[in-house]
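Undergrad: When you get a sec, could you give me coordinates for this:
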Amino acid sequence: MGDWNVPGHGVSKLWADLIGGSRPQKPQPDERSCCWPESHHYGIFDHLATNIVGAKHIGHTVHPYQLLEENPVKQHRAVSASLQLPGDGDLAAKQLIAKASAATAIEE
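TA: Next comes the predicted model:
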C-alpha cells in the first residue's frame, strides 16, 4: 500500500525498479485520492498492489479528507484496502474443527 504518484495502470512500470519480480496485475483502488483542495490538485495515486499469485483485492474505502480546519494543503485522503491471500481454505475454521476434534477424542 502506498502513494505511487501514478494512476493504477502506471504502478507496473515502477514495480520492477522499486520491488522486482513479477508485476502486479491491477492495483486498487484506482480512484481519486489526492489532494486537498481538489480545486487545485488532482491525483489517482494511492494503491494497494501485490504480485502474489492468487491474491485478491476484496474491498477498499477512500475516506474523506481529515482535519480540514488545519488547511492541510496537498493532503491525501486516507485509504484502506483489503487483500485476501491465497491459502488452503479458511485456516481459522480448520483450526477450530481440529481443536473440537481433539477435545472430543480426549473425552472419549
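Undergrad: now Lys26, nearest residue through space, not along the chain?
TA: Gly8 (6.8 Å; CB to CB, 6 or more residues apart in numbering). The way it works is simple: take the backbone N, C-alpha and C, and place the C-beta from them, glycine included.
Undergrad: mind listing what the one you found touches?
TA: Each residue near Gly8 by CB atoms under 8 Å, 6 or more residues apart in numbering is listed here: Lys26, Pro27, Gln28, Pro29, Asp30, Ile44, His47, Ala49.
Undergrad: give me phi/psi at it?
TA: phi -50, psi -40 (degrees, to the nearest 10).
Undergrad: and which of the contacts of Gly8 is nearest to His63?
TA: Pro29 (11.1 Å; CB to CB).
Undergrad: Contacts only, for the closest one.
TA: Pro29 touches Gly8, Asp46, His47, Leu48, His60, Val62, Val79, Ala81, counting by CB under 8 Å, 6+ apart.
Undergrad: Closest to Leu18 out of those?
TA: Nearest member of the contacts of Pro29 to Leu18, counting by CB to CB, is His47, at 12.8 Å.
Undergrad: Surely that closest one is in a strand?
TA: Yes. Under DSSP: H, G, I helix; E, B strand; the rest coil, His47 falls within a strand.
Undergrad: From start to finish, how long is stretch 63-72 in a straight line?
TA: 15 Å (CA to CA, to the nearest Å).
Undergrad: Now do that stretch, average pLDDT.
TA: Averaging pLDDT along stretch 63-72 gives 92.
Undergrad: Same check on stretch 8-23?
TA: 92.
Undergrad: try stretch 36-47
TA: pLDDT averaged over stretch 36-47 gives 94.
Undergrad: Quick check: the residue lying closest to Met1 once chain neighbours are set aside vs Leu67, distance?
TA: Nearest residue to Met1 in three dimensions, chain neighbours excluded: Leu48, at 4.7 Å (CB to CB, 6+ apart). The gap separating Leu48 from Leu67 is 24 Å, by CB to CB, to the nearest Å.
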